[in-house]
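Participant: Okay, predicted coordinates and the sequence, questions at the end:
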Amino acid sequence: MRKRSLATLSAALVVGSLCAGAPQPRAEAADSGRGAGSSAGLGVDLDTVTIPELQARMAGGSLTSSALTRAYLRRIRAIDPTIHAVPRTDPTALRQAAASDARHRHGATRGPLDGIPVLLKDNVNTRGLPTTAGSLALAGSPPDTDAALVTRLREAGAVILGKTNLSEWANFRATKPTSGWSAVGGQTSNPYVLDRNPCGSSAGSGAALAASLAQVAVGTETDGSIVCPAGMNGVVGHKPSLGLVSQAGVVPISAEQDTAGPMARNVIDTALTFSVLSGDRTAAGPASPGALRGKRIGLWRLPSLGPEVDAVMTRTAKRLRTAGAEVVEVTPPYQQRLAELEFPALLSEFHRDIDAYLATREGPRDLAELIEFNRAHPAEQTCFAGQELFERALAAPATTDPEYRAMRAELKDLSRRSIDETMAAHHLDAIASPTNPPAWTTDCARGDNDVIPSSTPAAVAGYPSLSVPAGFVDELPVGLLLMAGDHEDTELLSLGAGVERRIHAWRAPRYLPTVGTGASR
């Protein structure tokens with residue numbers, strides 16, 4: 001049943017994208033420019049082109065994967081020194097692209113991602129490329145094998161373009177970390193305003209996509225680390241239902257919540273990438289003009305994120321109602337209890353799971369050795385010195401402890417009820433909330449300013465969530481986070497495509513050095 005619905009959705013998405021026509025290219029930009037995403041001689045606008053449009057051009061012979069890959073490599077060389085999102089590119093990328101071109105010439109393509117350049121977060125094992133989680137402790141020998149999701153990307157013909165910077169150890173080292181900083185990659189900047197933060201541990205993936213340094217990227221999330229960087233960098237991010245994307249070969253925090261997921265500049269590319277990551281090539285998602293008509297959406301406003309963000313939500317609700325959706329205001333229950341329980345449970349799970357992962361790599365063999373490594377290496381302390389979470393995890397109860405097991409059971413129950421009961425009580429198709437506040441100023445001394453509760457219910461429950469661009473506060477993007485029930489990823493992507501089509505909030509970054517505060521728009 002699920003596969004049939006995914007196939008129908010996939011076809012609708014691709015046909016809808018192609019019928020809309022490729023976007024008109026902007027004025028040709030020099031490779032060193034920071035505005036339009038056009039690349040001289042390529043004939044497409046990298047900011048706005050979709051995977052189906054690229055595949056149509058490759059099938060017609062007017063574009064090759066080699067030309068597309070070279071264009072993205074040129075953009076990385078020109079733009080990344082400003083934002084520090086891509087610490088390394090894959091030296092085999094052009095060989096991978098040439099192999100895809102041969103498949104295209106012989107009519108033997110492997111699907112929609114064949115020849116499409118993809119960036120991977122630097123906690124995803126990639127054969128022949130360093131996989132560091134941002135830490136010098138793992139910066140020696142690369143992994144011997146690919147993560148399961150990388151195997152799927154290679155089998156689909158995707159071009160592995162390189163690695164994106166992340167918040168070191170996926171932001172699970174210090175109590176006051178600075179998102180987007182790692183000892184390996186330095187500090188990633190938000191392309192919209194360079195002194196502002198890119199948010200979450202998938203910071204490099206979000207920033208790289210905003211700057212059009214790849215067609216799609218892979219992020220990972222335990223709680224908020226796909227959707228917050230997507231929202232704060234003005235792109236799309238999908239946190240899949242737990243278990244749909246294999247976590248094998250990905251540096252962990254918690255097997256109970258971790259998942260990798262796709263990020264892109266639009267929903268169709270996100271959905272097509274999810275179809276490969278999940279192993280279901282038909283999984284993609286799509287939008288007809290009436291996709292929102294009759295849908296019931298619960299709006300969780302979260303006024304704690306500020307009046308400017310709330311104004312974006314008000315305008316979003318109005319646009320959704322104009323498109324035929326019913327929008328009702330909701331407040332999912334149990335949020336305070338979830339906040340009390342989640343972190344202690346993650347400490348126990350991290351100790352278990354990071355020990356298992358470190359045993360597969362050269363370097364520190366367990367969490368205790370990792371703590372000692374950080375104490376002995378001053379470069380690990382150049383932004384913030386703390387590793388309080390590591391130390392607390394080392395002392396946390398084992399995951400066999402009855403107190404821990406009761407905690408995780410209550411977390412699972414309350415998080416699922418918070419979504420299920422809200423959706424049932426209001427007969428909803430999805431719950432919507434702001435993904436993020438306007439990006440805060442990056443400051444190593446202060447750390448993040450990121451109390452953002454919207455991602456927690458779906459993250460703890462293992463349910464899907466999807467962030468799509470909703471608007472701006474000054475020059476700073478704000479996302480709309482959509483949540484739905486377990487394994488309703490396809491339905492959520494379809495709804496997200498309808499929201500994207502109606503709101504049409506994306507715009508390219510301008511790489512401003514700084515910006516004040518003011519009215520949202």
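Facilitator: Sure thing, it's come through.
Participant: any idea how far the nearest residue to Leu305 once chain neighbours are set aside is from Ser304?
Facilitator: Distances taken as Cβ to Cβ, 6 or more residues apart in numbering place Pro437 nearest to Leu305, at 4.5 Å, with adjacent residues excluded. Using the backbone N, CA and C atoms, a C-beta is placed for each residue, glycine as well. In this view, Pro437 and Ser304 are 9 Å apart by Cβ to Cβ, to the nearest Å.
Participant: residue boundaries of the strands in the protein?
Facilitator: Secondary structure of the chain (DSSP state E): strands at 88-89, 117-121, 159-164, 181-182, 186-187, 216-221, 236-239, 259-264, 296-299, 326-329, 430-434, 465-473, 476-483.
Participant: Mind checking those strands for the one nearest to Ser415?
Facilitator: Ser415 sits nearest to strand 476-483 of all the strands of the chain, at 10.7 Å, using Cβ to Cβ.
Participant: Give the partner strands of that closest one in its sheet and their orientations.
Facilitator: strand 430-434 (antiparallel), strand 465-473 (antiparallel) (DSSP bridges).
Participant: Dump these to JSON lines, plus mean neighbour count.
Facilitator: Compiled in JSON lines, these are given as follows (neighbours: other Cβ atoms under 10 Å):
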{"stretch": "strand 430-434", "mean neighbour count": "26"}
{"stretch": "strand 465-473", "mean neighbour count": "28"}
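Participant: Quick check: which of those strands is nearest to Asp144?
Facilitator: strand 465-473 (33.2 Å).
Participant: Okay, angle between the closest one and strand 216-221 too, please.
Facilitator: Per axes from the mean of the first three to the mean of the last three Cα atoms, to 10 degrees, the angle that strand 465-473 makes with strand 216-221 is 110 degrees.
Participant: one step back: and the strands of the chain, which is most packed in?
Facilitator: With neighbours taken as mean count of other Cβ atoms under 10 Å, these reach their highest mean count in strand 236-239, at a mean of 33.
Participant: before we move on, back to that, surely the residue nearest to Leu305 meets Gly306?
Facilitator: Yes: using Cβ atoms under 8 Å, Pro437 is in contact with Gly306, at 5.9 Å.
Participant: Show me which of these two is the more surrounded one.
Facilitator: Set Pro437 next to Gly306 and count neighbours by other Cβ atoms under 10 Å: Pro437 wins out with 23 against 17.
Participant: what's near enough to touch that one?
Facilitator: The contact partners of Pro437, by Cβ atoms under 8 Å, 6 or more residues apart in numbering, come to Leu305, Gly306, Val309, Ile452, Val478.
Participant: out of these, who's nearest Glu372?
Facilitator: Ile452 (32.7 Å).
Participant: roughly how far apart are the closest one and Pro434?
Facilitator: From Ile452 across to Pro434, the span is 8 Å (Cβ to Cβ).
Participant: Show me the common contact partners of the two, please.
Facilitator: With contacts taken as Cβ under 8 Å, 6+ apart, the residues that reach both Ile452 and Pro434 are Leu305.
Participant: Any stretches of the chain with poor pLDDT?
Facilitator: Scanning the chain for pLDDT under 70 picks out 1-40, 281-289, 517-521.
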